[in-house]
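>>> attaching a predicted model along with its sequence, questions to come.
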Amino acid sequence: MAEVEHVELTVQDKAIHCSGCESRIETVLKKLPGVVKVKADHKTQKVSITLDTSRTLIGEVKQKLEFAGYRTGVGGVGPEEK
């Protein structure tokens, strides 16, 4: 059964510089199973994700972001890191 949750990650070190960075993040994360929706914002340095946590855990999302060069911290509304 789907366990859809909304998570907001804060990217550290102001690494999201422009709309190109936003597009890169969105493209990378949309490839993960269970990612329903993703929106990156270079002005706030936040990535909002709607995620089916029965398919992909937030830790996996963070790993994918960090592999792409975006170190994160959890912020905003969302589940505890699993």
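Perfect, thanks for sending it. Residues are numbered from 1 along each chain as shown.

>>> now the strands for the chain?
4-11, 35-41, 46-52, 72-74 (DSSP state E).

>>> okay, and the helix or strand of the protein with the least pLDDT?
strand 72-74 (a mean of 69; mean pLDDT, DSSP states H and E).

>>> on that earlier part again, rank the strands of the chain by pLDDT, which is bottom?
Here the lowest mean pLDDT among those goes to strand 72-74, at a mean of 69.

>>> model confidence score at the closest residue to R71 other than its chain neighbours, please.
Excluding the flanking residues, the one nearest R71 by C-beta to C-beta, 6 or more residues apart in numbering is Q12, at 4.7 Å. (Glycine included, C-beta is placed from N, CA and C.) pLDDT, Q12: 91.

>>> for R24, see how far away Q12 is.
Using C-beta to C-beta, to the nearest Å, we find Q12 at a distance of 16 Å from R24.

>>> these two: which has the busier surroundings?
R24 (16 against 11; other C-beta atoms under 10 Å).

>>> burial count for the closest residue to that one other than its chain neighbours?
Spatial nearest neighbour of R24, chain neighbours left out: A68 (6.7 Å); criterion: C-beta to C-beta, 6+ apart. By the measure other C-beta under 10 Å, the count of residues near A68 is 14.

>>> so A68 touches S23, yeah?
No: the pair A68 / S23 is not scored as a contact, 11.7 Å apart, by C-beta atoms under 8 Å.
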